[in-house]
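>>> A structural model of the following input is requested.
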Amino acid sequence: MKILQRYVLREILSPFIIGLLVFTFVLLVNKMFRLTDLLVSQGVSSWLVVQLLLCLLPTLLMLTIPMAVLVAVLIGFGRLAVDNEILAMRTGGVNLMRLFVPVIIVACLISGVMIAANYSLVPSLMYKGTDLFYRLEFQVLTTLEPGRFYDDLGGKDVDLTLYYSERDPKTNDMIGVNMRLVGGLEKTAGQKEAETVIVASRGRIEAYPEQKAVQIRLFDGSLHPIARHRPTQNIVLFFKELKRTLRPTIGRIVDGKYVKRPKEMTIGELHKAFKQPRIREGDRNKIRNQLAQRYSIPLACVAFVLIGMPLAIYIRPSGKSVGFAVSFGLLFIYYLMLKWGTSLGEEGYRLATLAIFSPNILLGAVGCVLIRRSLKK
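Model prediction:
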């Protein structure tokens, strides 16, 4: 019997690896195009890109592993059914439950490892990946292309528009810099935001990712303050060097500090944030959803195994393409129900947590019924 059990597990292993590679590549390919563009056209550090990919992989695997488990079970048991090996085992007096149990145990072990990783490892890597992504964004700010207007470089209280004509091939400095700066200066009573036009012969942008800031250095230029209450006033200030430090509002960076998303919080941080008395109801609902998904998505491995094994015997998929097609149908049903439960959670329904677990419960229950019928057949 142990020989047959190992044989069934080997039949499942190969399609599991294929499915894992296919699903992971599909989810990763869009990000790879973006990272390749940054690497080639923006001159971003290749090591930084590799680090970002390594941080992204575990987060993607949390989604692709249950998908691969479903594909593996459908293709593996489907092949055994098509080649009449299941029929031969039954004829020889083998109880199919003896073949199902090792696969269920392996699915439970995979779910346990995924839940353990979701406690701290995966959210920490996701947070690290976000930090690396912002480092890439700050590096991109230092390699802006000439001949374009950039109006999203300012911070929370500063509106900045930048344009320069070309780059010095030797020093990589910006040549012919024009900059419009609105805000960031103190205002007197009744005065509108101060506006300044800056013209410089050359300049450069230096990034400081640790401080979530950039410094614009301009050389040999002039400032032209514009007083909106006295538009005819003409004041020109000349300078040899001008420095301006900004904290760009990129993504969730506010005032130089990054605000963690629920996906980037460990289980302990989620519970701590959930218990805060001043937390907004919408944020509390998102945290509740995230806590439920940390367990429901890994447990999908068990649900997929329960429904996949008997379903493969009944439908007898004749090839890998049929197995993938059936798995896509089940995955669509699963993630549609998961999305429905998440939507209920965001709206604050009390049974939202149960709704998030409902696809596991439904598919697992249907799978148990099919297993019972297959054993009686």
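>>> show me where pLDDT drops low in the stretch 1-150 of the chain?
Applying pLDDT under 70 to the stretch 1-150 of the chain flags residues 1, 34-35, 37-45, 137, 139, 141.
>>> That should have said the stretch 251-377 of the chain, apologies.
Within the stretch 251-377 of the chain, the set of residues satisfying pLDDT under 70 comprises 251-259, 317-321, 377.
>>> now the helices: where do they sit in the stretch 151-300 of the chain?
Ranges of helices in the stretch 151-300 of the chain, per DSSP state H, counting those that start in this stretch, are 267-274, 281-315.
>>> Tell me which other helices or strands the first one touches.
Helices and strands touching helix 267-274, as assessed by 3 or more Cβ pairs under 8 Å, 6 or more residues apart in numbering; DSSP states H and E, comprise helix 281-315. Bear in mind the C-beta positions are built from the backbone N, C-alpha and C, glycine included.
>>> Ok, the last one next?
In this structure, helix 281-315 packs against helix 46-82, helix 97-119, helix 267-274, helix 320-346, helix 352-376, with contacts taken as 3+ Cβ pairs under 8 Å, 6+ apart.
>>> May I see the buried residues of the fourth one?
Using 16 or more other Cβ atoms under 10 Å as the burial criterion, the residues of helix 320-346 that qualify are 320, 322-324, 326-327, 330-331, 334-335, 337-338, 341-342, 344-345.
>>> most packed of the helices of the stretch 151-300 of the chain?
Most buried of the helices of the stretch 151-300 of the chain, by mean neighbour count (mean count of other Cβ atoms under 10 Å): helix 281-315, with a mean of 21.
>>> And that helix, how far out from the chain middle?
From the chain centre to the centre of helix 281-315 is a distance of 18 Å (Cα atoms, centre = their mean, to the nearest Å).
>>> again with stretch 308-317
How far stretch 308-317 lies from its chain's middle: 33 Å, per Cα atoms, centre = their mean.
>>> Same question for stretch 119-137.
9 Å.
>>> List the buried residues for that stretch?
Buried residues in stretch 119-137, counted by 16+ other Cβ under 10 Å: 122-127, 129-137.
>>> Pop the domain breakdown of the chain in here.
2-120+266-376, 145-257 (automatic domain parsing).
>>> hey, which of these is tucked in deepest?
Scoring the domains of the chain by mean neighbour count under mean count of other Cβ under 10 Å gives domain 2-120+266-376 as the most buried, with a mean of 17.
>>> Ile216 against Glu241, yeah?
No: counting by Cβ atoms under 8 Å, Ile216 stays clear of Glu241, with 11.2 Å between them.
>>> ok so, going back, tabulate the helices and strands packed on helix 281-315 in CSV, adding columns for distance to Tyr208.
Below are these laid out as CSV (distance: least, Cβ to Cβ, whole Å):
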stretch, distance to Tyr208
helix 46-82, 15
helix 97-119, 33
helix 267-274, 27
helix 320-346, 36
helix 352-376, 41
